[in-house]
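Novice: Quick one, structure for this:
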Amino acid sequence: MSPIKDHISNSSHEKLDFSPHLSVSDFDSQHVGGRPQPSNMFNQKTPFPMKLKGMTLTELLVVLAILGVLLLLAFPVLKPLFSKTHAMEAKTNLKHLAELQNVYHLEHYQYAPVFEHVGFAQAPLITENGTAHYQIEILKADREGFLARATSITDFDGDGIMNVWEVDHSAVPREIQAD
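Specialist: Numbering: from 1, shown residues only. So this is what the prediction gives:
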């Protein structure tokens with residue numbers, strides 16, 4: 001047994017296990033400050049001890065193909081949800097306009113014929129680099145009531161028919177033409 005191991009085992013009641021760790025042969029005979037220095041154990045460039053398994057290009061392409069097929073299967077199911085989302089834009093704008101018109105009617109005893117009187121601002125349309133898919137317009141406004149229309153400028157399902165919604169002083173939007 002080496003002198004270091006003898007010294008440690010004699011001074012301790014427990015036996016220490018040195019097998020997987022450093023051994024005396026790992027150190028040089030040169031000592032700095034009374035301690036042995038590691039030779040090239042830490043300086044030697046060794047490859048990463050554990051090899052990680054990655055994905056091959058073929059595996060990656062198979063995963064992408066499966067995702068593509070799943071998207072193609074899901075798209076027809078999700079398409080009605082897209083048009084419902086766009087219809088929500090029309091309903092929200094028309095409800096807001098109806099509420100503004102009702103407030104204007106309480107103050108002026110008539111409905112406003114233009115947006116500026118009620119403070120409604122049409123969002124820029126997608127044809128004008130905006131985000132709105134519906135053109136809002138006031139068709140009729142007098143003392144008895146008003147009628148406003150939201151007409152889609154986008155054909156959401158590609159059938160050539162545009163979605164149309166209308167609202168009056170009741171503030172309940174109605175779908176006139178489904179897309």
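
Novice: For the longest helix along the chain, what does the pLDDT average out to?
Specialist: Counting residues, the longest helix in the chain under DSSP state H turns out to be helix 57-108. Averaged across helix 57-108, pLDDT comes to 90.

Novice: From the contact counts, what lies against that helix?
Specialist: Packing partners of helix 57-108 (3 or more C-beta pairs under 8 Å, 6 or more residues apart in numbering; DSSP states H and E): helix 115-118, strand 134-141, strand 146-152, strand 164-168. The C-beta positions use only the backbone N, C-alpha and C, and glycine is treated the same way.

Novice: His105 is nearest to which of these?
Specialist: strand 146-152 (8.2 Å; C-beta to C-beta).

Novice: Now mean neighbour count too, for the helices and strands packed on helix 57-108, in TSV please.
Specialist: Listed next are those as TSV, based on neighbours: other C-beta atoms under 10 Å:
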stretch	mean neighbour count
helix 115-118	16
strand 134-141	18
strand 146-152	21
strand 164-168	20
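
Novice: Tabulate the ones you listed in a markdown table, adding columns for distance to Ala87 and mean pLDDT.
Specialist: Shown next, in a markdown table, are the helices and strands packed on helix 57-108 (distance: least, C-beta to C-beta, whole Å; pLDDT from 0 to 100):
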| stretch | distance to Ala87 | mean pLDDT |
| --- | --- | --- |
| helix 115-118 | 21 | 93 |
| strand 134-141 | 9 | 94 |
| strand 146-152 | 9 | 95 |
| strand 164-168 | 7 | 94 |
